[in-house]
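Chemist: after the sequence you'll find the predicted model.
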Amino acid sequence: MYNEKIKEYIKGEKNRIDLGFDANRLDYIPEYFSSYLDQKRIPNFMCLVARHGEVAHYSHQGFKNIETKEKINEDSIFRIYSMTKPLTSVAIMMLYEKGMIRLEHELSRYLPEFKNTEVWDGGTVENYKTRPSKDPILIRDLLTHTSGLSYGFMEGHPGSALYKKHGIENHIDVETKEEMNLETFTQKLSSLPLLFDPGKKWHYSCATDVLGRVVEVISGQTLDDFLKKNIFDPLDMVDTSFNVEEKNFHRFSDCYQALISKKDKKMKLSHKAGEDEYSKARNFLSGGGGLCSTVSDYANFCQMLLNRGKFQDKQLLSPTTVGFMTQNHLPDSKTLGQMGDSSFSEIRFDGAGFGLGFSVIVDPVTAAMPVTYGSFSWGGMASTFFWIDPEQDLFTILLTQLIPSGRYPLRPQAQSLVYSAIIELNKK
């Protein structure tokens with residue numbers, strides 16, 4: 001769908017449809033972000049704005065590799081990292097619709113290794129104490145990042161460092177030195193203490209990787225097979241997978257890491273297409289951050305969610321399920337600012353709640369964003385981002401390849417530019 005729409009937009013084969021935008025203001029978007037490329041702060045930048053099922057704006061600029069000057073185009077493939085999480089969350093809700101899982105079910109019902117989870121109770125990484133968890137981890141806790149799990153790169157709690165020590169952070173078995181599969185990963189993860197009792201705090205974590213294993217156990221399929229059959233194929237997401245095949249290396253963008261330096265060099269090569277872990281078959285199918293995709297593939301996914309579960313003539317989820325997923329599910333309708341700690345997140349805490357796989361805007365004023373109430377979004381480690389605004393019937397996708405995602409304010413800047421271009425509110 002969007003593969004053809006974007007190509008038609010680029011070629012100018014279809015006159016621009018009046019979608020309620022000021023065309024000149026939309027055209028300013030690539031000009032604005034070109035300064036980041038001119039200053040060598042990001043390697044590339046791609047932006048898609050869609051409204052009422054049509055392309056309102058598309059642009060790309062920059063390079064697949066900044067040394068060779070190979071340019072990106074609409075078919076370029078990007079590591080979307082945590083933009084994988086909404087896809088895995090949709091997979092869980094597909095099983096939910098079939099009555100195969102409940103949100104209030106204990107995780108140990110599907111993964112018995114989490115039956116007797118312990119909670120960090122002080123000490124150091126080398127010598128720590130634990131206590132029994134007051135409550136079990138629920139499936140809902142995993143979807144909302146309130147499970148007590150963490151990531152190894154998180155700072156502020158000594159328990160997170162255990163993830164690095166035991167190979168959870170890089171998914172490498174410390175004994176065999178091989179990449180784990182999801183079964184081994186969850187077994188080893190379950191032996192580590194939670195940072196807090198489930199349901200008590202919001203803390204970004206590898207919970208969605210655990211959900212990926214839950215999908216495997218319930219469906220009897222590997223996570224990649226389930227996603228392909230139930231999401232990728234129905235949505236024509238032909239270039240979305242856990243690894244990029246050799247025949248597509250020429251389309252695969254390199255990824256860069258930002259440098260904190262006063263010198264001219266602002267970034268260095270982090271992941272090279274054809275040589276990194278995403279360029280070969282994987283054992284660890286990360287439901288939390290393992291997918292690569294294209295702008296048109298992910299646009300099909302966004303359009304399905306905006307259509308409340310429908311894509312062309314296929315209904316992947318019920319409208320009621322999509323509406324349920326995109327409500328704030330944090331206890332007592334709290335915000336991330338009220339429940340979250342000072343650790344990392346892909347979005348601002350202020351004015352946002354969290355649904356089943358997405359952040360949800362519950363107070364645009366506090367969020368300091370012109371987005372409307374009920375808009376939902378998420379991003380990835382390499383500064384990718386999407387948001388969906390049901391009230392205005394629009395979505396936007398931003399793609400680049402710069403780690404970490406919070407280095408520059410690309411996301412709020414893009415939101416400001418898109419909303420300032422709207423001259424006609426959605427009348428539907």
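Modeler: Thanks, I have it.
Chemist: ok, Phe232 - contacts?
Modeler: 238, 240-241, 297 (Cβ atoms under 8 Å, 6 or more residues apart in numbering). C-beta here means a position set from N, CA and C on the backbone, and glycine is covered the same way.
Chemist: could you pull out the helices for the stretch 201-350 of the chain?
Modeler: With DSSP state H, counting those that start in this stretch as the criterion, the stretch 201-350 of the chain has helices at 207-219, 223-227, 295-306, 319-325, 336-339.
Chemist: JSON lines for those, including distance to His52, mean neighbour count and mean pLDDT?
Modeler: Output for these, formatted as JSON lines (distance: least, Cβ to Cβ, whole Å; neighbours: other Cβ atoms under 10 Å; pLDDT from 0 to 100):
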{"stretch": "helix 207-219", "distance to His52": "31", "mean neighbour count": "24", "mean pLDDT": "98"}
{"stretch": "helix 223-227", "distance to His52": "28", "mean neighbour count": "22", "mean pLDDT": "98"}
{"stretch": "helix 295-306", "distance to His52": "10", "mean neighbour count": "24", "mean pLDDT": "98"}
{"stretch": "helix 319-325", "distance to His52": "18", "mean neighbour count": "17", "mean pLDDT": "98"}
{"stretch": "helix 336-339", "distance to His52": "30", "mean neighbour count": "19", "mean pLDDT": "93"}
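Chemist: in a markdown table, list those along with distance to Met267.
Modeler: Converted to a markdown table, the helices of the stretch 201-350 of the chain look like this (distance: least, Cβ to Cβ, whole Å):
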| stretch | distance to Met267 |
| --- | --- |
| helix 207-219 | 27 |
| helix 223-227 | 31 |
| helix 295-306 | 21 |
| helix 319-325 | 35 |
| helix 336-339 | 29 |
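Chemist: where does the prediction get shaky in the stretch 201-350 of the chain?
Modeler: By pLDDT under 70, the weakly predicted segments of the stretch 201-350 of the chain are 262-263, 342-344.
Chemist: residues near Cys257, how many?
Modeler: That one is not Cys; residue 257 is Gln. Gln257 is flanked by 15 other residues according to other Cβ atoms under 10 Å.
Chemist: surely it touches Lys266?
Modeler: No - in this structure, Gln257 is not within contact of Lys266 by Cβ atoms under 8 Å, at 10.2 Å.
Chemist: list the buried residues of stretch 348-361.
Modeler: 348-349, 351-361 (16 or more other Cβ atoms under 10 Å).
Chemist: so what would you say the end-to-end distance of it is?
Modeler: 10 Å (Cα to Cα, to the nearest Å).
Chemist: pLDDT check: weakest of the buried residues of stretch 348-361?
Modeler: When the buried residues of stretch 348-361 are sorted by pLDDT, the bottom entry is Arg348 at 78.
Chemist: chain neighbours aside, what residue packs nearest to that residue?
Modeler: Ala367 (6.2 Å; Cβ to Cβ, 6 or more residues apart in numbering).
Chemist: hmm, back to that, now, which of the buried residues of stretch 348-361 lie within strands?
Modeler: Secondary structure assignment (DSSP state E) places 352-354, 359-361 from the buried residues of stretch 348-361 within strands.
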